[in-house]
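Chemist: just the structure for this:
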Amino acid sequence: MRFSELKTKLPIGCQSFAQLINRGKVYVDKTAYVYELAVNDSPQILTRPRRFGKSTLLTTLEALFRYGVKPDADGKPSLFHGLAIEQLWQDEETYPVLRLNLHRLNSNCDTAAQFEQNLMRAVANFCDEQKIDLTAQINSKLVAMVVSEPLRFNDLFSYMLDQMNRPLVLLVDEFDAPLIYHYDQKQELKECKLIMRGLFNTVKDYPDKFRCVIFTGITRFQDLDLGTAGNSFTDVSYDGEFAACCGYTRAELEHYFPEYLRYAAAVRNGCSLEAVSDKQIERLLNEMSFWYDSYSFDGSEQNRVFSTWSVLRFFANKESVLDAYWSTEEGAGLPQLLKLVLERIKLNELIAELGKIVIGGKEFLQSSLINPKANPYSLLFQTGYLTFAEPFRPSGKAHLTCPNQEIRWAFANLLVRHFYNFNYDLCSSESSSKMLAALASIDPEQIRIAINEAIGILPYSHSPENEFWVAGLMILFLFGLNLKPRAEVMSLNGRADCVFDLPGHNITFVFEFKYEASADDNALDAKLAEALQQIKSRKYALDGNSESRVARLGLVFCAAPGERGFARVELADVIAR
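Modeler: Predicted structure coming up:
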């Protein structure tokens, strides 16, 4: 199959399950999860980062309840023919479905009142479709909205439920979109909370009117002050049963995208499709895993998933370039909120915890994006920059880490832009390859050049002011390269600024940083001598059990105007342990 044909079958820009099936797009069968969601009696909430397939999941549920799984009256197979749920689903009834996409309803709305009007219009349109009679009085209030006590959304929604004689399926996509949009507008946020509280409370007050209720979003709903209404919802976000309901597993890539894997392997190996070997496809999957895999929403190894958007964009790239796709997609990581989130993080604490961040399970669960006092690391989890590193139990701890190389780049660049005022990406394909090659050579001058090319001339407005700032910048850079740097590593007689291993080369590096405000050669040489003497006298990294070589280097940062960068890098020694 030609690339143009392959590309047209990718489910990019199409979130409707019915359209995916009718247009012959690739559909990864998630209907076993849909079944489990559909048979649950209690209202449910599922949260995932953006671009992970939540909307497609909801449209699959919509199609299930609207049409069922049986052939139609003319014998035409259902949309679910051949899918897992066809054999599981026993309910032969169909149901009215009200699906509300709150992101769409809130778009182009400057106020909560405008959002509420759009929400009410959506309900009024549904009533028209279902032949539910809205009285002339209610219609006049709905259109005019000028009476002393105008009709509110929860009033209209309750009235609609009173008139319904069939169980309703309520599917709410991106329930938190209006809250996140107005997060920095105190009054509008308050009004949005009231609207959403009305929706949650109405669901609680009319349990017998619903066949199924599912809300999806990004953040948690703890800050809506729902009272008992919140207790009526089951949060399945971190339930192992649903951990892989969004995103793609490795097995799913192999099963549903074999032609795409073969094409990409052929391009990356410079051979024909026919010449592609199983080993080459396996190597490609390993490379894709390094870049896009390891999101975990319960902490278990078996339920780790690839980023849906990144995989699809990779397959849609004719040159098969492994690159940052999700993290560069507009709005994917909620950039409008990240600045506020990062302002709650102290750089020194972050540097110390960068490898694995640990917070209390209760604190993790009680944090939401609309709470200005929420734990910032929990919020970075919700936005897609962190994931579970170990199995999560609410009564214990949440162990968090960056899932893959795409996010390590994005997270490192995000932090450097925030803390160091960079206006460009520190971590890129070019800077990574040059730095890794320089480290492999253990050539101090090549290492100095690679670092300086990556950091460029630091902005005057926020250049490093001391050794800690220099060390922090370098640790973030090395973290973005997946070198797992450790800061302030205790040795026999002191703490090394930075220690990391170079994978595949059996080398452990020790970096000792010094800061010099002037460009005076004597002053720079003195700082370098101090760093090298400190490395040797304090015996940094000589007490480990590893059989790797240890390359210990002193690095001097020059902060003089026009010279901001590393002016001296020298090897203290290379020792075989």
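Chemist: which secondary element of the protein has the worst mean pLDDT?
Modeler: Here the helix or strand of the chain ranked lowest by mean pLDDT, DSSP states H and E is helix 136-144, holding a mean of 54.
Chemist: following it, which helix or strand comes up?
Modeler: helix 153-163 (DSSP states H and E).
Chemist: neighbours of V172, how many?
Modeler: V172 has 23 neighbours, counted by other Cβ atoms under 10 Å. Every C-beta, even on glycine, is put in place using the N, C-alpha and C of the backbone.
Chemist: same question, R250
Modeler: Applying other Cβ under 10 Å, we find 15 residues neighbouring R250.
Chemist: surely it touches F306?
Modeler: Yes: using Cβ atoms under 8 Å, R250 is in contact with F306, at 7.3 Å.
Chemist: shared neighbours of the two, anything?
Modeler: 289, 293 (Cβ atoms under 8 Å, 6 or more residues apart in numbering).
Chemist: could you say which helix or strand contains A567?
Modeler: strand 565-576.
Chemist: for that strand, which strands pair with it and how are they oriented?
Modeler: Partners of strand 565-576 in the sheet, by DSSP bridges, are strand 549-558 (antiparallel).
Chemist: returning to that earlier point: which residues touch the strand holding A567?
Modeler: So strand 565-576 is contacted by 442, 444-445, 447-448, 451-452, 455-458, 516, 519, 524-525, 527-528, 531-532, 535-536, 542, 549-558 (Cβ under 8 Å, 6+ apart).
Chemist: filter the residues you listed down to the buried ones.
Modeler: The neighbour-count test (16 or more other Cβ atoms under 10 Å) marks 442, 444, 447-448, 451, 455, 458, 516, 524, 527-528, 531-532, 535, 542, 549-558 as buried among the contacts of strand 565-576.
Chemist: pLDDT below threshold where in the stretch 301-450 of the chain?
Modeler: Applying pLDDT under 70 to the stretch 301-450 of the chain flags the ranges 330-336, 372.
Chemist: packing partners for the helix or strand where L100 lies?
Modeler: According to DSSP H and E, L100 maps onto strand 97-101. For strand 97-101, the packing partners by 3 or more Cβ pairs under 8 Å, 6 or more residues apart in numbering; DSSP states H and E come out as helix 54-67, helix 112-129, strand 168-173.
Chemist: cutoff 6 Å now
Modeler: Counting contacts by 3 or more Cβ pairs under 6 Å, 6 or more residues apart in numbering; DSSP states H and E, strand 97-101 is packed against helix 54-67, strand 168-173.
Chemist: distance to N506 and mean pLDDT for these - can I get that in TSV?
Modeler: Listed next are these as TSV, based on distance: least, Cβ to Cβ, whole Å; pLDDT from 0 to 100:
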stretch	distance to N506	mean pLDDT
helix 54-67	44	97
strand 168-173	50	98
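Chemist: and V416, which of those is closest to it?
Modeler: Judged by Cβ to Cβ, the one of the helices and strands packed on strand 97-101 that comes nearest to V416 is helix 54-67, at 30.1 Å.
Chemist: what does the closest one contact?
Modeler: Helix 54-67 is touched from outside by 15-18, 34, 48, 79, 95, 97, 99, 169, 171, 173, 216, with contacts defined as Cβ atoms under 6 Å, 6 or more residues apart in numbering.
Chemist: beyond it, next helix or strand please.
Modeler: Criterion used, DSSP H and E; the element after helix 54-67 is helix 85-88.
Chemist: got the contact list for stretch 512-519?
Modeler: For stretch 512-519, the external contacting residues (Cβ under 6 Å, 6+ apart) are 466-467, 470-471, 497, 523-524, 527, 531, 534-535, 554-560, 563.
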